[in-house]
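> with the input below, show me the fold.
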Amino acid sequence: MRHRKGFNHLGRTSSHRKAMLSNMANSLLLHKRIATTLAKAKELRVFVEPLITRAKEDTTHNRREVFSDLKSKTVVTELFRDIIVKIGDRPGGYTRILKTGNRIGDNAEMCIIELVDYNENMLSTPKADTTKKRRARKPKKSETPAKEPKKVEAASEEAAS
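Prediction:
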């Protein structure tokens, strides 16, 4: 039964799941983008975003807490020194998941998970051209101004004289 199941177990034991998420978080923080399955990416987002939030305040306690999850000094240094400078002012939502389709072998739904402020293509997208490029419509014959008002004016001038 799945009563009160809080997260996806990903078909792994607890220790295997923790090690896998730690390794995936290390790769994400080093390379800024990784390709994985959608289920793993959603769990990775839940794992890595609190670590980034904790890195906003650079204290020894926070470094040790992050290190206990990541287990890599180089990644912790990268997080506290470089990554937090770029995304530290953001109030949350540090990662983005982009779906890429299904994997050929087992039809698993694949995606790319990336740190938000590191995707240069999305940051420098040119704004769409707002001018409309349509051909003008030719007026119909019934829409052309009729010469009847001129005749009415001419008739009113004759009546006035």
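
> so the closest residue to Tyr94 other than its chain neighbours is in which element?
Nearest non-adjacent residue to Tyr94, counting by C-beta to C-beta, 6 or more residues apart in numbering: Ile52, 4.8 Å away. C-betas here are computed from N, CA, C, even on glycine. If you go by DSSP states H and E, Ile52 is part of helix 38-54.

> what's that helix packed up against?
Helices and strands in packing contact with helix 38-54 are listed as helix 14-31, helix 60-70, strand 95-102, strand 109-115; criterion 3 or more C-beta pairs under 8 Å, 6 or more residues apart in numbering; DSSP states H and E.

> now Met24: how far from His3?
Here the distance between Met24 and His3 works out to 28 Å (C-beta to C-beta, to the nearest Å).

> and the two? which has more neighbours close in?
Here Met24 and His3 are set side by side on neighbour count (other C-beta atoms under 10 Å), and the busier one is Met24, at 19 against 4.

> quick one: contacts for the residue nearest to that one when sequence neighbours are not counted?
By the measure of C-beta to C-beta, 6+ apart, the closest residue to Met24 outside its immediate chain neighbours is Leu44, 5.1 Å from it. Residues counted as contacts of Leu44 (C-beta atoms under 8 Å, 6 or more residues apart in numbering) are Leu21, Met24, Ala25, Leu28, Thr36, Thr95, Ile113.
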